[in-house]
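Undergrad: Sequence and predicted structure, then a few things I'm wondering about:
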Amino acid sequence: MSDIVTEVDEQGIAVITLNRPEKRNAVKFAMWGELADLFSSYGSDPAVRAVILTGAGGYFSAGADISEFSTVRTEGGTGDAYDDVGERCTRAIVDTPKPTIAAIEGFCVGGGLGLAVSCDFRIAKQGARFGIPAARLGIVYTALDTRVLMNVVGVTNAKRILFTGAQFQADQASELGLIDELVDIDALTAAREFAAQMAANAPLSIAGAKQIVNAIAAGDESADALSVELSVKAKASDDYKEGVAAFAEKRPAKFTGR
């Protein structure tokens, strides 16, 4: 049985499912690299319009598989390699030019929460639990992972999450800004409905908007120049012509991402 299961539906909505429910979908060392490759692949696939990350068996993810740490996260070489692949995974999710949604049930802690905040949106079912126990394990998060968390919850709440190592109930997590939508139904169903709202829109518009928002959030001084470049590219695209024509003809647009 594969530790990660994938599917893409007819709308172009890809679903990546962490598939170790017996371990509450704890992420093994090899899985970080596989996730990075999957997000990069879907990001460049014109048939994919949105990507949902979720977990099997009523859990999102209990984080990194700590049972491996004595061999794959030790001082020096193996520890550096572990951090490197973790950062590659975070970067791949953040940089994916498609909308990304974490569909969360059950535990979403440690590296699992890191995966969730790397996504653009987080939809959680009532009863989910959130937290980062790094302070209880003697772990210091990288600047990249810390910045991603701060961009979602702000400076003070990031400190609260990291300093206390506490677990937060879904309503508390919502107040902290960790959750964009708290639902009573199956989180994956809600995430699919949300993804469908974006899947029909122009991929170039979404990719451009995401790139500019991320640049501004990172304090990138080239954000203004980037916005001009992407705007010019969009206006020269087939999708722009199709969008204008569809509006004039009062019909749904058929965007291709070109």
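TA: Yep, it's here.

Undergrad: For the helix or strand harbouring Glu229, the averaged confidence score.
TA: Counting by DSSP states H and E, the element that carries Glu229 is helix 223-235. Helix 223-235 shows a mean pLDDT of 83.

Undergrad: Off-centre distance for the helix or strand just after that helix?
TA: Using DSSP H and E, the next helix or strand after helix 223-235 towards the C-terminus is helix 238-248. The chain centroid and the centroid of helix 238-248 are separated by 30 Å, computed with C-alpha atoms, centre = their mean, to the nearest Å.

Undergrad: Stretch 51-64 too?
TA: So, by C-alpha atoms, centre = their mean, the centroid of stretch 51-64 is 11 Å from its chain's centroid.

Undergrad: Now do that stretch, average pLDDT.
TA: 96.

Undergrad: and it, which residues are buried?
TA: 51-56, 58-64 (16 or more other C-beta atoms under 10 Å). In this view, the C-beta of every residue, glycine as well, is placed from N, C-alpha and C.

Undergrad: one step back: what residues does the helix holding Glu229 touch?
TA: The contact list for helix 223-235, computed with C-beta atoms under 8 Å, 6 or more residues apart in numbering, reads Ala202, Leu204, Ser205, Gly208, Gln211, Ile212, Ala215, Ile216, Asp220, Tyr240.

Undergrad: Then stretch 190-209?
TA: Contacts of stretch 190-209 (C-beta under 8 Å, 6+ apart): 9, 11-13, 15, 46, 49-50, 52, 54, 97-99, 101-103, 121, 123, 125, 181, 183, 230-231, 233-234, 237, 239-240, 243, 252-253, 255, 257-258.

Undergrad: Let's see the distance spanning it from one end to the other.
TA: End-to-end distance for stretch 190-209, by C-alpha to C-alpha, to the nearest Å: 23 Å.

Undergrad: pLDDT of it, averaged?
TA: Stretch 190-209 shows an average pLDDT of 94 in the prediction.

Undergrad: Could you turn the buried ones of the contacts of stretch 190-209 into a PyMOL selection?
TA: Listed next is the PyMOL selection for buried residues among the contacts of stretch 190-209, using 16+ other C-beta under 10 Å:
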select buried, resi 12+13+15+49+50+52+54+97+98+99+101+102+103+121+123+125+183+230+234+237+239+240+243+255+257
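
Undergrad: State the helix or strand in which Phe168 lies.
TA: Using DSSP H and E, Phe168 falls in strand 167-169.

Undergrad: Can you name the next helix or strand after that strand?
TA: Taking DSSP H and E, what comes next after strand 167-169 is helix 170-176.

Undergrad: All the strands of the stretch 101-250 of the chain, in order from the start?
TA: Shown for the stretch 101-250 of the chain, the strands assigned by DSSP state E, counting those that start in this stretch span residues 107-109, 121-125, 129-131, 167-169, 181-183.

Undergrad: Mind putting the ones you listed into TSV with mean pLDDT and distance to Ile161?
TA: Below are those laid out as TSV (pLDDT from 0 to 100; distance: least, C-beta to C-beta, whole Å):
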stretch	mean pLDDT	distance to Ile161
strand 107-109	97	10
strand 121-125	98	14
strand 129-131	97	7
strand 167-169	96	8
strand 181-183	97	18
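
Undergrad: Let's see which of the buried residues of stretch 51-64 end up in strands.
TA: Assignment to strands by DSSP state E places the following of the buried residues of stretch 51-64 there: Val51, Ile52, Leu53, Thr54, Gly55.
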